[in-house]
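Colleague: Pasted the sequence and its predicted model underneath.
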Amino acid sequence: MPRISTNVTAVRAQRILTQGDRAFGKSVARLSSGFRINRASDDAAGLGIANKIRADVGALKQASRNAEQAISLLQVAEGGAFQVEAIVERMKELASQSASDNVSDSDRVLIQAEFTELQSEITRIVDTTKFQGNALLDGSLGNTVDTNVANSTALAAGTEVQSAGISGTSTDTYTLSQAGADITIVNSAASLQQTVTVGGNGKQTINFTAFGVSVELTASFATTANTVAGDLVVNGGNTSFLVSVSGDPTGQDKVSLTSLDVSLDALGVSIVATGLTAESLATKTAAETAIGVLDAAIQDIAVVFGSIGAAQNRIEFALNNADTAIENFTAAQSVIRDVDVATESTEFARLSIQQQATTAMLAQANAAPQLVLQLLG
C-alpha cells in the first residue's frame, strides 16, 4: 500500500546501509592497521591474551639481553683470570729456578724481586677487573650486608652501608670502630684493616678502598664521641642473572654463579697466607715450599675456570631458549591479533559491493513515494 508520510522501505534500506558502513569501516581499519583487533569490542578475550603475550615477549627480550650481558661479564672475568694464571705459572717457574743449586743466593734475591712484583700485579688485576663497577675476581660479587641490626650492630650506630663490596666468599664479620676523627675497619681474622680520617662532624661518606665498601655517616656523627662502633656482617652470596620470565624470578628464572676469587689470599700465594718471609725464594728450602703452594694455586684457578665455563655454557643455552620462546610467543600473538590480509581483502571487496548496492536501493526507495502522484492525477 503506497504511503507518503513514512517510507518504511527507505528506512529499512538506510538501516542496512548504516550497518554495512560500520562493517566496511572495521574492514578498512583492519587493513590499514594490520591488526584484526583494533578495539576491545573487536575481540575482548583475544585482546587480553595478546596483550599478556606482548608483555611476556618484552620481558623475554630483556631476559635475552640479560643473558648476553652475563656472558660478557663472564668473558671479562675469564680474561682477568687467564692473566692471573699466567702470572702464577711464571711464579712457579721462578720458584723452580730458585729451588735448584745452579743459582746462588744473590741470584735468588733477584728472583724474589720479580716474585714480589708478580704478587703486586695479581692484586692489581684482581682490583681492576670490573664490570659496571662491580669487582669480579676478589670474591665480593654477590655479597650482601646483613641489614638486621641485631647482627650488623654498626648499622644501629648511625651508619649506612652503601656498597657491599667487601671481599670474601663466605659470611664474615667486620668491625667498625672510632677514635676521634679516625674510623677503622678490621676483618674477623685481623689480617686486614684500614683507617680513614674524616674531615669533621655531620653527614658524610667515607670510603674504605682496601675493603671495597663505603659507609655513610648520619647527621649525628661527631668526632668528639664514639658514634661509630660495632660489627658489620657480610653474607657471601651467589651472583644471579635473570634469563627467563616463567613467573619464578627468585628461583628457576635465574642462573647463579658462586663468587670468583683469585686474590692472593684466596690462592694462598701472599706473604701472609703462606707464612713465608719477604725473602720467600731466597733459600732453596723456601722455594721448594713455594712450589707446593703455587701448585695448589693453579688448581684453585682451574676451579674458577670451571665455574666460569659451566656458567657460560648454561647461560648460552638459556639465551637460545629465550630467543626461541620470543619467536614462538611472537607467532602466537600474531595469530591472535594480526589480520589475515587475504581474508580481510575478500571481506572488504564484499562489503564495498554491498555498500554500493544498498546505496542504489536506498535511492530507489526514496523515489518510490513519487508513484503516489499518479493516483492523485
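Modeller: In hand now; what should we look at? From a predicted model like this one, the values you see are computed outputs, not experimental measurements. Numbering: from 1, shown residues only.

Colleague: From here on, just use CA atoms for contacts and neighbour counts.
Modeller: Will do.

Colleague: Not counting sequence-adjacent ones, nearest residue to residue 91?
Modeller: What sits nearest to residue 91 in space, not counting adjacent residues and going by Cα to Cα, 6 or more residues apart in numbering, is residue 115, at 6.1 Å.

Colleague: tell me which element the one you found falls in.
Modeller: helix 105-128 (DSSP states H and E).

Colleague: any idea of the mean pLDDT for that helix?
Modeller: Helix 105-128 shows a mean pLDDT of 89 in the predicted model.

Colleague: Then stretch 306-326?
Modeller: Stretch 306-326 carries an average pLDDT of 93.

Colleague: Just give me the neighbour total for residue 354.
Modeller: Residue 354 has 17 neighbours, counted by other Cα atoms under 10 Å.

Colleague: Can you verify my assumption that residue 365 contacts residue 10?
Modeller: Yes. The pair residue 365 / residue 10 is scored as a contact, 4.8 Å apart, by Cα atoms under 8 Å.

Colleague: How about the helix or strand harbouring residue 362, which residues are buried there?
Modeller: Per DSSP H and E: residue 362 is located in helix 341-367. Neighbour-count burial for helix 341-367, counted by 16 or more other Cα atoms under 10 Å, picks out 344-345, 347-348, 351-352, 354-355, 358-359, 361-362, 365.

Colleague: Tell me which other helices or strands that helix touches.
Modeller: Counting contacts by 3 or more Cα pairs under 8 Å, 6 or more residues apart in numbering; DSSP states H and E, helix 341-367 is packed against helix 8-33.

Colleague: any idea how far the helix holding residue 115 is from the chain center?
Modeller: 36 Å (Cα atoms, centre = their mean, to the nearest Å).

Colleague: Show me what it is packed up against.
Modeller: With contacts taken as 3+ Cα pairs under 8 Å, 6+ apart, helix 105-128 sits against helix 44-98, strand 134-135, helix 264-267.

Colleague: and these as JSON lines, adding mean pLDDT and distance to residue 221?
Modeller: Shown next, in JSON lines, are these (pLDDT from 0 to 100; distance: least, Cα to Cα, whole Å):
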{"stretch": "helix 44-98", "mean pLDDT": "92", "distance to residue 221": "39"}
{"stretch": "strand 134-135", "mean pLDDT": "82", "distance to residue 221": "29"}
{"stretch": "helix 264-267", "mean pLDDT": "83", "distance to residue 221": "34"}
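
Colleague: I'd like the ones you listed laid out as CSV, including distance to residue 173 and mean neighbour count.
Modeller: Below are the helices and strands packed on helix 105-128 laid out as CSV (distance: least, Cα to Cα, whole Å; neighbours: other Cα atoms under 10 Å):
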stretch, distance to residue 173, mean neighbour count
helix 44-98, 26, 19
strand 134-135, 20, 20
helix 264-267, 17, 19
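
Colleague: Which of these sits closest to residue 220?
Modeller: Proximity to residue 220 (Cα to Cα) singles out strand 134-135 among the helices and strands packed on helix 105-128, at 30.5 Å.

Colleague: Need the per-residue pLDDT for residue 157.
Modeller: 69.

Colleague: can you check the one 10 residues further on too?
Modeller: Residue-level confidence at residue 167 comes out at 62, pLDDT.

Colleague: residue ranges with poor pLDDT in the stretch 101-250 of the chain?
Modeller: 157-171, 237 (pLDDT under 70).

Colleague: Out of the helices and strands packed on helix 105-128, the one nearest residue 240 is which?
Modeller: The nearest among the helices and strands packed on helix 105-128, by Cα to Cα, is helix 44-98 at 9.1 Å.

Colleague: buried stuff in stretch 251-269?
Modeller: Here stretch 251-269 shows 253-269 as buried, counting by 16+ other Cα under 10 Å.

Colleague: Equivalent analysis for stretch 100-110, please.
Modeller: Across stretch 100-110, burial judged by 16+ other Cα under 10 Å covers 108, 109.

Colleague: could I get that stretch in CSV with only the CA atoms?
Modeller: What follows is stretch 100-110, C-alpha atoms only, in CSV (Å, rounded to 0.1, in the frame of the first residue of the first chain):
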residue,chain,number,x,y,z
SER,A,100,117.9,-25.5,42.2
ASP,A,101,121.5,-25.3,43.3
ASN,A,102,122.6,-24.0,40.0
VAL,A,103,121.7,-20.5,41.2
SER,A,104,123.4,-18.6,44.0
ASP,A,105,121.8,-16.7,47.0
SER,A,106,122.4,-13.4,45.2
ASP,A,107,120.6,-14.8,42.2
ARG,A,108,117.7,-15.8,44.5
VAL,A,109,117.4,-12.2,45.7
LEU,A,110,116.8,-11.1,42.1
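
Colleague: So what touches that stretch?
Modeller: 97, 98, 279, 281, 282, 283, 284 (Cα atoms under 8 Å, 6 or more residues apart in numbering).

Colleague: same thing but at 10 Å, please
Modeller: 94-95, 97-99, 111-112, 114-115, 279-285, 287-288 (Cα atoms under 10 Å, 6 or more residues apart in numbering).

Colleague: domain parsing for this protein?
Modeller: Following automatic domain parsing, the chain resolves into domains at 52-141+241-331, 144-237.

Colleague: Can you lay out those domains as JSON lines showing distance to residue 36?
Modeller: Below are those laid out as JSON lines (distance: least, Cα to Cα, whole Å):
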{"stretch": "domain 52-141+241-331", "distance to residue 36": "14"}
{"stretch": "domain 144-237", "distance to residue 36": "49"}
